[in-house]
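Engineer: for reference, the sequence and a predicted model appear below.
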Amino acid sequence: MKMKLIRHTFGICPCCGRKTVFLANGYWLRDYYVCLFCRSIPRQRAIMSILKDKFPEYKNMKIHESSPSGAAFHQIKRECRNYSYSYFYDTETPGIEKADGSINENLENLTFADNTFDLFITQDVMEHVNRPERAFSEICRVLKRGGVHVFTTPIYHFQKTQARIELDGDKVICVLPEVYHGNPIDHKGSLVTYDWGYDIADFIKKCSGMESEIIEFNNCKKNYRHGLEADFLEVVVSRKV
């Protein structure tokens, strides 16, 4: 059955930089509002917009990205000589380089040395971490002073952060109904472990010392022209002070 085109908008894509048409074949724009050319979705375009606006020298920075996928990943990888990326395979040796050039890294226990990166990027990863306090602390550790963690994650503005799991050692116990999101290395998807609330910046500050800014993309002509429309379209920028 052919899907009905919900909307289309002419504009310029922050990922591929081309004049394009943004097409939506579903009402959930966050996953289905794509660039005609690079097939980027809004959160990927949001990441690229922040990099270009706030970190115009990003192409010369030392960058690491955890669990990348999609158009923003391909754009950054192509543009940046000092870019590395990782996925987590819990049955394999930490820090080992895979055949595709990725590194096996656990965000809760990174193998990188202190003060290694200028930028650390995660796209919709932090809602899947079992111990986010460790992950934020580890990301801070491997950032240089003044370095930043730029990331997306769904943020619920009218509630506090809520854990969807409890841990018994390494055993994960779901205390809320199981929800899974897509996973670039596992067709079964990734379990959602945290619903982040408006207090996420306080959480990050408490466990890592980083100061965070939550950037929203308001309804305006500029954002429409860049395909920056969707629910949960905030980008968090956490800086190591």
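Structural biologist: Okay, I see it. Numbers count the residues shown, from 1 in each chain.
Engineer: where is the longest helix in this protein?
Structural biologist: Determined from DSSP state H, the single longest helix within the chain is helix 42-54.
Engineer: so which elements touch it?
Structural biologist: The contact analysis (3 or more CB pairs under 8 Å, 6 or more residues apart in numbering; DSSP states H and E) places helix 42-54 against helix 29-32, helix 70-79, strand 117-123, strand 143-152, strand 235-239. Any C-beta I mention is one placed from the backbone N, CA and C, and that applies to glycine too.
Engineer: ok, residues contacting the shortest one?
Structural biologist: I take that to be helix 29-32. 24-26, 41-43, 229-233 (CB atoms under 8 Å, 6 or more residues apart in numbering).
Engineer: distance between the ends of stretch 30-37?
Structural biologist: This stretch, stretch 30-37, spans 17 Å end to end (CA to CA, to the nearest Å).
Engineer: mind listing what the residue nearest the centre of the chain touches?
Structural biologist: The centroid of the chain falls nearest to residue 123 when counting by CA atoms, centre = their mean (1.3 Å). Counting by CB under 8 Å, 6+ apart, residue 123 touches 43-44, 47, 65, 67-70, 72-73, 151-152.
Engineer: ditto for residue 240
Structural biologist: Taking CB under 8 Å, 6+ apart as the test, what residue 240 contacts is 140, 143-148, 208-210.
Engineer: as a whole number, average confidence for the longest helix of the chain?
Structural biologist: Averaged over helix 42-54, pLDDT sits at 97.
Engineer: what's in contact with it?
Structural biologist: Under CB under 8 Å, 6+ apart, the answer for helix 42-54 is 13-15, 29-30, 33, 35, 40, 58, 70-73, 75-76, 119, 121, 123-124, 150, 152, 215, 217, 226-230, 232-233, 235, 237.
Engineer: what about residue 64, which helix or strand?
Structural biologist: strand 63-66 (DSSP states H and E).
Engineer: what's that strand packed up against?
Structural biologist: By 3+ CB pairs under 8 Å, 6+ apart, strand 63-66 packs against helix 70-79, strand 83-87, strand 117-123.
Engineer: so which of those is the most packed in?
Structural biologist: strand 117-123 (a mean of 23; mean count of other CB atoms under 10 Å).
Engineer: starting from that one, tell me which strands it pairs with and how they run.
Structural biologist: Take DSSP bridges as the rule and strand 117-123 pairs in its sheet with strand 63-66 (parallel), strand 143-152 (parallel).
Engineer: so of those strands, which one's packed in deepest?
Structural biologist: strand 63-66 (a mean of 25).
Engineer: rounded mean pLDDT for that one, please.
Structural biologist: Computed over strand 63-66, the average pLDDT equals 98.
Engineer: what do you get for stretch 121-139?
Structural biologist: pLDDT averaged over stretch 121-139 gives 98.
Engineer: any chance of the helices and strands packed on strand 63-66 in a markdown table, with distance to residue 172 too?
Structural biologist: Conversion of the helices and strands packed on strand 63-66 to a markdown table gives the following (distance: least, CB to CB, whole Å):
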| stretch | distance to residue 172 |
| --- | --- |
| helix 70-79 | 27 |
| strand 83-87 | 19 |
| strand 117-123 | 20 |
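Engineer: and residue 159, which of the ones you listed is closest to it?
Structural biologist: Smallest distance to residue 159 across those (CB to CB): 21.7 Å, for strand 117-123.
Engineer: so what's the gap between the closest one and the chain middle?
Structural biologist: 9 Å (CA atoms, centre = their mean, to the nearest Å).
Engineer: hang on, residue 84 packs against residue 66?
Structural biologist: No. Using CB atoms under 8 Å, residue 84 makes no contact with residue 66, being 10.1 Å away.
Engineer: what stretches of the chain score poorly on pLDDT?
Structural biologist: Applying pLDDT under 70 to the chain flags the ranges 1-4.
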